[in-house]
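[1] Following is a predicted model, sequence given first.
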Amino acid sequence: MKEFLQDYVLPNMSAIWGALFGAIAAIWGYIRIKPKEKLDNEGGNLENAKKSLEISERIADRLEKQLESSDSIIEQLKEKLLLALEEENTCKKALKAIREELAQFKILFEQQKHELEGLKDECRLLRLTIEENEKNNTITDNLHAN
């Protein structure tokens, strides 16, 4: 082991120190430069975030305008719907009144139909009576046929 140290390690001691110093310098440089890269990336990220925010704000403004126009259209449609419902209710009331009137006319028709049948029967009986009287040709109370 002494021979190994004397033959290889001690003569190359400056190289080992140089390698050790280089490794330390590389680590120190990496640590020192990494935050700058991180800041640069964060700066880029910040700019990207600002652009994204601006785009999102424009989209939000456009959507807000669309929402306002949609609200006005919805209000107009609500008014039309209310008018249509009022008209429908008016029509339903009119239809109900017409149906009631129709029912009254049907009842009146049935009453008049029975009355007509009664009048027809009465007329038939009167004809029969007149025919019988003509056959008998009897006139009472000194009345004579013309």
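    Sure, I can see it.

[2] Give me the pLDDT for the residue nearest the centre of the chain.
    The centroid of the chain falls nearest to I74 when counting by Cα atoms, centre = their mean (9.9 Å). Predicted confidence (pLDDT) for I74: 92.

[3] which element is it on?
    Using DSSP states H and E, I74 sits in helix 13-136.

[4] That helix: how far from the chain's middle?
    Offset of helix 13-136 from its chain centre (Cα atoms, centre = their mean, to the nearest Å): 2 Å.

[5] Would you mind pulling up the elements that that helix packs against?
    Counting contacts by 3 or more Cβ pairs under 8 Å, 6 or more residues apart in numbering; DSSP states H and E, helix 13-136 packs against no other helix or strand. C-beta here means a position set from N, CA and C on the backbone, and glycine is covered the same way.

[6] Adjust the sequence numbering to begin at 668 for everything that follows.
    In the new numbering, first residue 668, that becomes helix 680-803.

[7] Which helix or strand in the chain has the lowest average pLDDT?
    helix 669-671 (a mean of 66; mean pLDDT, DSSP states H and E).

[8] if I pick the residue nearest to the centre of the chain, what's in contact with it?
    Contact partners of I741, counting by Cβ atoms under 8 Å, 6 or more residues apart in numbering, are absent.

[9] L775 versus that one, what's the distance?
    Distance, I741 to L775, using Cβ to Cβ, to the nearest Å: 50 Å.

[10] same check, this time on H781
    Going from H781 to L775 by Cβ to Cβ gives 11 Å.

[11] Next: K745.
    Going from K745 to L775 by Cβ to Cβ gives 45 Å.

[12] Pass me the low-pLDDT residue ranges in the chain, would you?
    Along the chain, segments meeting pLDDT under 70 span 668-669, 671-685, 697, 700-711, 804-813.

[13] can you do 90?
    Within the chain, the stretches with pLDDT under 90 are 668-719, 796-813.

[14] Tell me how far K787 lies from L775.
    To L775, K787 is 18 Å away according to Cβ to Cβ.

[15] repeat for K760
    Taking Cβ to Cβ, one finds K760 at 22 Å from L775.

[16] How about Q733?
    Going from Q733 to L775 by Cβ to Cβ gives 62 Å.

[17] what does S736 give?
    S736 is 58 Å from L775, where distance means Cβ to Cβ.
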